[in-house]
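> Got a predicted structure plus its sequence, pasted below:
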Amino acid sequence: MLFLSEKDIKQAVTMKDVIDAIDETYKVYDTGRFQMPTRMQVNDQGNTLLLMPCFTQDAIGTKLVTIFPNNKSIPTLHGLVVLNSSDTGEVKGILNGTFLTGLRTGAVGGSGVRHLAQENASTLAIVGTGVQGLYQAIAACAERSIKTIYLYNRSPEKIPAFQKQLQGWIGEDVQIVACDSVEAAIEHAEIVITATTSKTPVLPENEELLRNKLIIGVGSFQPTMREFPETLYRMTDQVIVDTDHAIEESGDVATPLEKGWIKEESILTMADYISGRRKLSNQSGGSVVFKSTGMALFDVVVANLMYQKAQEKGIGTTLDM
(Lines give C-alpha, C1' and ligand atoms only; values in the text may rest on other atoms or scores of the structure.)
Protein backbone atom coordinates (compact mmCIF):
# COMPACT_ATOMS: atom_id res chain seq x y z
CA MET A 1 0.00 0.00 0.00
CA LEU A 2 1.38 3.36 -1.07
CA PHE A 3 0.92 6.58 0.89
CA LEU A 4 1.15 9.80 -1.12
CA SER A 5 1.66 13.06 0.75
CA GLU A 6 1.21 16.55 -0.71
CA LYS A 7 4.92 16.63 -1.53
CA ASP A 8 4.70 13.23 -3.25
CA ILE A 9 1.71 14.27 -5.35
CA LYS A 10 3.45 17.49 -6.43
CA GLN A 11 6.41 15.42 -7.66
CA ALA A 12 4.21 12.84 -9.37
CA VAL A 13 1.88 15.02 -11.49
CA THR A 14 1.54 18.46 -13.07
CA MET A 15 -1.63 20.53 -13.23
CA LYS A 16 -1.82 19.73 -16.95
CA ASP A 17 -1.75 16.01 -16.08
CA VAL A 18 -4.68 16.48 -13.73
CA ILE A 19 -6.67 18.54 -16.26
CA ASP A 20 -6.11 15.75 -18.79
CA ALA A 21 -7.44 13.30 -16.17
CA ILE A 22 -10.56 15.46 -15.72
CA ASP A 23 -11.19 15.30 -19.47
CA GLU A 24 -10.70 11.53 -19.30
CA THR A 25 -13.24 11.44 -16.46
CA TYR A 26 -15.84 13.06 -18.69
CA LYS A 27 -15.32 10.23 -21.18
CA VAL A 28 -15.89 7.66 -18.44
CA TYR A 29 -18.96 9.61 -17.30
CA ASP A 30 -20.21 9.47 -20.88
CA THR A 31 -19.99 5.67 -21.02
CA GLY A 32 -21.85 5.14 -17.76
CA ARG A 33 -19.39 2.41 -16.77
CA PHE A 34 -19.10 3.39 -13.14
CA GLN A 35 -21.11 3.31 -9.94
CA MET A 36 -21.35 6.58 -8.05
CA PRO A 37 -24.07 7.09 -5.44
CA THR A 38 -25.01 10.62 -4.50
CA ARG A 39 -22.45 11.73 -1.96
CA MET A 40 -23.52 11.52 1.64
CA GLN A 41 -23.56 14.84 3.46
CA VAL A 42 -23.80 15.27 7.21
CA ASN A 43 -24.22 18.87 8.34
CA ASP A 44 -23.70 20.18 11.86
CA GLN A 45 -24.26 23.89 12.39
CA GLY A 46 -22.80 24.75 8.99
CA ASN A 47 -19.91 22.28 9.18
CA THR A 48 -20.08 19.43 6.68
CA LEU A 49 -18.80 15.85 6.49
CA LEU A 50 -18.83 14.35 2.98
CA LEU A 51 -18.42 10.68 2.06
CA MET A 52 -17.82 10.12 -1.65
CA PRO A 53 -17.38 6.54 -2.94
CA CYS A 54 -17.05 5.50 -6.59
CA PHE A 55 -16.45 2.20 -8.39
CA THR A 56 -14.90 2.18 -11.89
CA GLN A 57 -13.45 -0.53 -14.10
CA ASP A 58 -9.93 0.61 -13.17
CA ALA A 59 -10.15 1.37 -9.45
CA ILE A 60 -12.36 2.03 -6.45
CA GLY A 61 -12.01 5.35 -4.71
CA THR A 62 -13.51 6.66 -1.47
CA LYS A 63 -13.01 10.22 -0.27
CA LEU A 64 -13.73 11.44 3.23
CA VAL A 65 -13.88 15.24 3.49
CA THR A 66 -14.71 17.79 6.17
CA ILE A 67 -15.58 21.38 5.29
CA PHE A 68 -15.56 23.93 8.13
CA PRO A 69 -16.27 27.32 6.46
CA ASN A 70 -15.53 29.37 9.58
CA ASN A 71 -11.95 28.17 9.98
CA LYS A 72 -9.68 31.20 10.20
CA SER A 73 -6.09 30.05 10.74
CA ILE A 74 -6.32 26.68 8.97
CA PRO A 75 -7.92 25.61 5.66
CA THR A 76 -11.66 25.02 5.55
CA LEU A 77 -11.28 21.63 3.84
CA HIS A 78 -9.53 18.48 5.05
CA GLY A 79 -9.68 15.06 3.44
CA LEU A 80 -8.32 11.61 2.76
CA VAL A 81 -8.70 9.37 -0.31
CA VAL A 82 -8.50 5.56 -0.16
CA LEU A 83 -7.77 3.83 -3.48
CA ASN A 84 -8.68 0.15 -3.86
CA SER A 85 -8.13 -2.37 -6.64
CA SER A 86 -11.33 -2.99 -8.62
CA ASP A 87 -10.12 -6.58 -9.23
CA THR A 88 -9.29 -7.72 -5.68
CA GLY A 89 -10.56 -4.95 -3.40
CA GLU A 90 -7.15 -4.58 -1.75
CA VAL A 91 -6.03 -1.12 -0.68
CA LYS A 92 -3.59 0.20 -3.28
CA GLY A 93 -3.04 3.66 -1.92
CA ILE A 94 -3.91 6.32 0.64
CA LEU A 95 -3.61 9.87 -0.64
CA ASN A 96 -3.66 13.32 0.91
CA GLY A 97 -7.29 14.13 0.10
CA THR A 98 -6.99 17.82 0.92
CA PHE A 99 -4.34 18.40 -1.73
CA LEU A 100 -5.95 15.99 -4.20
CA THR A 101 -9.26 17.83 -3.83
CA GLY A 102 -7.57 21.17 -4.37
CA LEU A 103 -5.79 19.99 -7.52
CA ARG A 104 -8.71 18.14 -9.03
CA THR A 105 -11.22 20.92 -8.32
CA GLY A 106 -8.79 23.41 -9.80
CA ALA A 107 -8.41 21.09 -12.78
CA VAL A 108 -12.21 20.94 -13.26
CA GLY A 109 -12.13 24.71 -13.60
CA GLY A 110 -9.04 24.38 -15.80
CA SER A 111 -10.90 21.98 -18.08
CA GLY A 112 -13.71 24.53 -18.28
CA VAL A 113 -11.17 27.17 -19.30
CA ARG A 114 -9.61 24.75 -21.81
CA HIS A 115 -12.90 24.08 -23.60
CA LEU A 116 -14.93 27.26 -23.06
CA ALA A 117 -12.61 30.29 -22.78
CA GLN A 118 -11.54 32.38 -25.75
CA GLU A 119 -8.15 31.24 -27.03
CA ASN A 120 -6.66 34.70 -26.53
CA ALA A 121 -8.13 35.26 -23.06
CA SER A 122 -5.50 36.91 -20.86
CA THR A 123 -7.34 38.35 -17.85
CA LEU A 124 -8.72 36.39 -14.91
CA ALA A 125 -10.69 37.28 -11.78
CA ILE A 126 -10.74 35.07 -8.71
CA VAL A 127 -13.52 35.76 -6.22
CA GLY A 128 -12.64 34.00 -2.99
CA THR A 129 -8.94 33.69 -2.16
CA GLY A 130 -9.04 30.48 -0.16
CA VAL A 131 -7.46 27.17 -1.07
CA GLN A 132 -9.86 26.59 -3.96
CA GLY A 133 -9.24 30.03 -5.41
CA LEU A 134 -5.52 29.24 -5.48
CA TYR A 135 -5.85 26.07 -7.53
CA GLN A 136 -8.42 27.64 -9.85
CA ALA A 137 -5.92 30.38 -10.67
CA ILE A 138 -3.10 27.86 -11.19
CA ALA A 139 -5.24 25.74 -13.51
CA ALA A 140 -6.48 28.74 -15.54
CA CYS A 141 -2.87 29.84 -16.03
CA ALA A 142 -2.01 26.33 -17.22
CA GLU A 143 -4.61 26.60 -20.01
CA ARG A 144 -4.37 30.23 -21.15
CA SER A 145 -1.61 32.85 -21.33
CA ILE A 146 -2.94 34.85 -18.41
CA LYS A 147 -1.26 38.24 -18.02
CA THR A 148 -3.35 39.79 -15.22
CA ILE A 149 -5.20 38.23 -12.29
CA TYR A 150 -7.66 40.32 -10.25
CA LEU A 151 -8.38 39.14 -6.71
CA TYR A 152 -11.28 39.84 -4.39
CA ASN A 153 -11.95 38.38 -0.96
CA ARG A 154 -14.40 39.47 1.73
CA SER A 155 -11.45 39.32 4.17
CA PRO A 156 -8.86 41.44 2.31
CA GLU A 157 -6.15 40.72 4.86
CA LYS A 158 -5.91 37.20 3.42
CA ILE A 159 -4.94 38.40 -0.06
CA PRO A 160 -1.19 39.11 0.46
CA ALA A 161 -0.47 35.55 1.64
CA PHE A 162 -2.58 34.19 -1.22
CA GLN A 163 -0.69 36.33 -3.74
CA LYS A 164 2.68 35.15 -2.44
CA GLN A 165 1.61 31.51 -2.62
CA LEU A 166 0.15 31.93 -6.12
CA GLN A 167 3.30 33.57 -7.45
CA GLY A 168 5.27 30.62 -6.08
CA TRP A 169 3.29 28.46 -8.52
CA ILE A 170 3.01 30.71 -11.59
CA GLY A 171 6.05 32.99 -11.27
CA GLU A 172 6.46 36.75 -11.20
CA ASP A 173 5.54 37.54 -14.82
CA VAL A 174 1.78 37.55 -14.20
CA GLN A 175 0.46 40.79 -12.72
CA ILE A 176 -1.70 40.20 -9.64
CA VAL A 177 -4.06 42.99 -8.57
CA ALA A 178 -5.88 43.06 -5.23
CA CYS A 179 -9.28 44.75 -5.55
CA ASP A 180 -11.46 46.50 -2.96
CA SER A 181 -14.72 45.30 -4.51
CA VAL A 182 -15.99 42.40 -6.56
CA GLU A 183 -17.08 44.90 -9.22
CA ALA A 184 -13.51 46.13 -9.63
CA ALA A 185 -12.22 42.56 -9.76
CA ILE A 186 -14.48 41.37 -12.58
CA GLU A 187 -14.74 44.56 -14.65
CA HIS A 188 -11.79 43.84 -16.96
CA ALA A 189 -11.66 40.05 -16.57
CA GLU A 190 -12.48 37.75 -19.46
CA ILE A 191 -12.64 34.73 -17.15
CA VAL A 192 -14.33 34.98 -13.74
CA ILE A 193 -14.09 32.13 -11.22
CA THR A 194 -15.99 32.13 -7.94
CA ALA A 195 -14.70 29.89 -5.16
CA THR A 196 -16.68 30.66 -2.02
CA THR A 197 -19.16 28.91 0.28
CA SER A 198 -21.50 31.90 0.27
CA LYS A 199 -25.24 31.49 0.80
CA THR A 200 -25.95 34.68 -1.15
CA PRO A 201 -24.65 35.68 -4.62
CA VAL A 202 -21.11 37.04 -4.63
CA LEU A 203 -21.36 38.45 -8.17
CA PRO A 204 -23.30 41.68 -8.69
CA GLU A 205 -26.71 42.13 -10.34
CA ASN A 206 -25.05 44.11 -13.13
CA GLU A 207 -25.44 43.02 -16.74
CA GLU A 208 -22.64 45.20 -18.06
CA LEU A 209 -20.09 43.72 -15.66
CA LEU A 210 -21.18 40.13 -16.43
CA ARG A 211 -21.41 40.43 -20.21
CA ASN A 212 -19.11 38.53 -22.63
CA LYS A 213 -17.28 36.51 -20.00
CA LEU A 214 -16.68 32.89 -19.11
CA ILE A 215 -18.04 32.55 -15.59
CA ILE A 216 -17.15 29.45 -13.58
CA GLY A 217 -18.58 28.66 -10.15
CA VAL A 218 -16.95 26.00 -7.98
CA GLY A 219 -17.99 26.96 -4.46
CA SER A 220 -21.68 26.18 -3.92
CA PHE A 221 -22.13 22.47 -3.27
CA GLN A 222 -25.39 22.56 -1.27
CA PRO A 223 -28.91 23.75 -2.17
CA THR A 224 -28.61 26.60 0.36
CA MET A 225 -25.44 27.98 -1.26
CA ARG A 226 -25.38 30.43 -4.18
CA GLU A 227 -22.64 32.41 -5.88
CA PHE A 228 -24.45 33.55 -9.05
CA PRO A 229 -27.00 36.43 -9.25
CA GLU A 230 -30.38 36.19 -10.98
CA THR A 231 -29.16 38.58 -13.69
CA LEU A 232 -26.61 36.06 -14.92
CA TYR A 233 -29.30 33.57 -15.91
CA ARG A 234 -30.95 36.15 -18.14
CA MET A 235 -27.65 36.54 -19.98
CA THR A 236 -27.10 32.94 -21.03
CA ASP A 237 -29.23 30.45 -22.93
CA GLN A 238 -27.55 27.45 -21.31
CA VAL A 239 -25.79 26.43 -18.13
CA ILE A 240 -23.04 23.82 -18.35
CA VAL A 241 -22.57 21.50 -15.34
CA ASP A 242 -19.91 18.93 -14.55
CA THR A 243 -22.45 16.34 -13.37
CA ASP A 244 -26.22 15.87 -13.40
CA HIS A 245 -26.05 15.76 -9.59
CA ALA A 246 -25.44 19.52 -9.66
CA ILE A 247 -29.12 20.00 -10.46
CA GLU A 248 -30.07 18.81 -6.95
CA GLU A 249 -26.89 19.66 -5.05
CA SER A 250 -26.15 23.29 -5.85
CA GLY A 251 -28.28 26.33 -5.17
CA ASP A 252 -26.75 27.85 -8.30
CA VAL A 253 -28.75 25.33 -10.34
CA ALA A 254 -31.60 24.23 -8.07
CA THR A 255 -32.80 27.74 -7.18
CA PRO A 256 -32.88 29.10 -10.78
CA LEU A 257 -34.82 25.99 -11.86
CA GLU A 258 -37.28 26.37 -8.99
CA LYS A 259 -37.83 30.07 -9.70
CA GLY A 260 -38.08 29.60 -13.47
CA TRP A 261 -34.96 31.60 -14.35
CA ILE A 262 -33.77 28.65 -16.44
CA LYS A 263 -35.38 25.50 -17.80
CA GLU A 264 -34.06 22.00 -17.26
CA GLU A 265 -33.57 21.48 -20.99
CA SER A 266 -31.16 24.44 -21.03
CA ILE A 267 -28.74 22.53 -18.78
CA LEU A 268 -26.06 20.40 -20.42
CA THR A 269 -23.20 18.41 -18.99
CA MET A 270 -19.60 19.03 -19.92
CA ALA A 271 -19.48 15.42 -21.13
CA ASP A 272 -22.26 16.21 -23.62
CA TYR A 273 -20.42 19.32 -24.77
CA ILE A 274 -16.98 17.73 -25.13
CA SER A 275 -18.43 14.73 -27.00
CA GLY A 276 -20.07 17.09 -29.50
CA ARG A 277 -23.57 15.74 -28.90
CA ARG A 278 -24.73 19.16 -27.76
CA LYS A 279 -23.41 22.56 -28.74
CA LEU A 280 -23.72 25.95 -27.12
CA SER A 281 -26.52 28.00 -28.65
CA ASN A 282 -26.15 31.72 -29.30
CA GLN A 283 -25.64 33.22 -25.88
CA SER A 284 -28.21 35.98 -25.38
CA GLY A 285 -25.88 38.04 -23.20
CA GLY A 286 -22.61 36.78 -24.61
CA SER A 287 -21.81 34.97 -21.37
CA VAL A 288 -20.87 31.30 -20.89
CA VAL A 289 -21.69 29.78 -17.50
CA PHE A 290 -20.10 26.62 -16.09
CA LYS A 291 -21.14 25.32 -12.68
CA SER A 292 -19.13 22.60 -10.93
CA THR A 293 -20.08 20.72 -7.77
CA GLY A 294 -17.53 17.95 -8.21
CA MET A 295 -18.12 14.22 -8.07
CA ALA A 296 -16.44 11.11 -6.70
CA LEU A 297 -15.66 9.95 -10.24
CA PHE A 298 -13.17 12.82 -10.56
CA ASP A 299 -11.46 11.72 -7.36
CA VAL A 300 -11.02 8.07 -8.31
CA VAL A 301 -9.73 8.81 -11.83
CA VAL A 302 -7.33 11.48 -10.56
CA ALA A 303 -6.22 9.36 -7.58
CA ASN A 304 -5.52 6.42 -9.87
CA LEU A 305 -3.46 8.65 -12.18
CA MET A 306 -1.46 9.97 -9.21
CA TYR A 307 -0.89 6.42 -7.96
CA GLN A 308 0.30 5.21 -11.37
CA LYS A 309 2.59 8.22 -11.92
CA ALA A 310 4.06 7.83 -8.42
CA GLN A 311 4.75 4.15 -9.03
CA GLU A 312 6.47 4.93 -12.33
CA LYS A 313 8.67 7.54 -10.65
CA GLY A 314 9.34 5.61 -7.44
CA ILE A 315 7.58 8.24 -5.32
CA GLY A 316 5.68 7.70 -2.07
CA THR A 317 5.93 5.73 1.16
CA THR A 318 5.11 2.01 1.27
CA LEU A 319 2.96 1.11 4.29
CA ASP A 320 2.25 -2.31 5.79
CA MET A 321 -1.33 -3.16 6.71
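Nice, thanks for sending it over. Here the structure is a predicted model, which is why all the values come from computation and not from measurement.

> mind giving me the domain ranges of the protein?
Following the assignment in automatic domain parsing, the chain carries domains at 2-101+296-318, 117-291.

> out of the ones you listed, nearest to residue 111?
Judged by C-beta to C-beta, the one of the domains of the chain that comes nearest to residue 111 is domain 2-101+296-318, at 4.5 Å. In short, each C-beta sits where N, CA and C put it, glycine included.

> State the distance from residue 288 to residue 226.
According to C-beta to C-beta, to the nearest Å, residue 288 and residue 226 sit 19 Å apart.

> and if you look at residue 40?
With C-beta to C-beta as the criterion, residue 40 and residue 226 are 22 Å apart.

> can you redo the domains of the chain as JSON lines with distance to residue 109?
Supplementary listing: the domains of the chain in JSON lines, determined by distance: least, C-beta to C-beta, whole Å:
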{"stretch": "domain 2-101+296-318", "distance to residue 109": "9"}
{"stretch": "domain 117-291", "distance to residue 109": "5"}
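
> Nearest to residue 107, out of those?
domain 2-101+296-318 (4.0 Å).

> Identify the residue spatially nearest to residue 163, adjacent ones excluded.
Take residue 163 and drop its neighbours on the chain: the residue closest to it by C-beta to C-beta, 6 or more residues apart in numbering is residue 176, 5.1 Å away.

> Pull the contacting residues for that neighbour.
Taking C-beta atoms under 8 Å, 6 or more residues apart in numbering as the criterion, residue 176 is in contact with 148, 149, 151, 163, 166, 167.

> which among those end up buried?
Using 16 or more other C-beta atoms under 10 Å as the burial test, the contacts of residue 176 include 149, 151, 163, 166 as buried.

> Just name the closest of the residues you listed to residue 63, please.
Distances from residue 63 to these, taken as C-beta to C-beta, are shortest for residue 166 (25.2 Å).

> Got the confidence number for that closest one?
Reported pLDDT at residue 166 in the predicted model: 96.

> got it, and residue 245?
Reading off the per-residue confidence, residue 245 sits at a pLDDT of 83.

> Ok, the one 5 residues further on next?
You'll see residue 250 listed with a pLDDT of 89.

> my read: it touches residue 221, true?
Yes - under the criterion of C-beta atoms under 8 Å, residue 250 makes contact with residue 221 at 6.2 Å.

> And the helices in the stretch 101-250 of the chain?
Using DSSP state H, counting those that start in this stretch, the helices assigned to the stretch 101-250 of the chain run over residues 131-143, 159-170, 182-186, 207-210, 230-233, 246-249.

> tell me which strands and helices the first one is in contact with?
Applying 3 or more C-beta pairs under 8 Å, 6 or more residues apart in numbering; DSSP states H and E, one finds that helix 131-143 makes contact with helix 15-31, helix 97-116, strand 123-127, strand 148-152, helix 159-170, strand 191-194.

> Swap in 10 Å and give it another go.
Here helix 131-143 is seen to pack against helix 15-31, helix 97-116, strand 123-127, strand 148-152, helix 159-170, strand 191-194, strand 214-217 when contacts are counted using 3 or more C-beta pairs under 10 Å, 6 or more residues apart in numbering; DSSP states H and E.

> Could I get the buried residue list for the last one?
In this case it means strand 214-217. 214, 215, 216, 217.

> Make JSON lines from those and add distance to residue 107 and pLDDT to it.
Conversion of these to JSON lines gives the following (distance: C-beta to C-beta, whole Å; pLDDT from 0 to 100):
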{"residue": "214", "distance to residue 107": "16", "pLDDT": "95"}
{"residue": "215", "distance to residue 107": "18", "pLDDT": "96"}
{"residue": "216", "distance to residue 107": "12", "pLDDT": "97"}
{"residue": "217", "distance to residue 107": "16", "pLDDT": "96"}
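
> ok, back up a step: which of the helices of the stretch 101-250 of the chain has the lowest mean pLDDT?
Of all these, the segment with the smallest mean pLDDT is helix 246-249, scoring a mean of 83.

> chain center to that one: distance?
Once both centres are worked out by C-alpha atoms, centre = their mean, to the nearest Å, helix 246-249 turns out to sit 15 Å from its chain's centre.

> Likewise for stretch 134-142?
Its chain's C-alpha centre and that of stretch 134-142 lie 10 Å apart, by C-alpha atoms, centre = their mean.

> again, but for stretch 270-277
With C-alpha atoms, centre = their mean as the basis, stretch 270-277 stands 18 Å off its chain's centre.

> Please apply the same query to stretch 306-321.
For stretch 306-321, the distance to the chain centre is 25 Å (C-alpha atoms, centre = their mean).

> Please identify the buried residues of that stretch?
Counting neighbours by 16+ other C-beta under 10 Å, one finds that the buried residues in stretch 306-321 are 306, 307, 308, 309, 310, 315, 316.

> try stretch 237-257
Along stretch 237-257, the positions that meet the burial threshold by neighbour count (16+ other C-beta under 10 Å) are 237-243, 245-247, 249-257.

> Can you tell me what sits against stretch 274-283?
Counting by C-beta atoms under 10 Å, 6 or more residues apart in numbering, the neighbours of stretch 274-283 from elsewhere in the structure are 23, 26-27, 29-30, 111, 114-116, 211-212, 235-238, 240, 266, 268-269, 271-273, 288-289.
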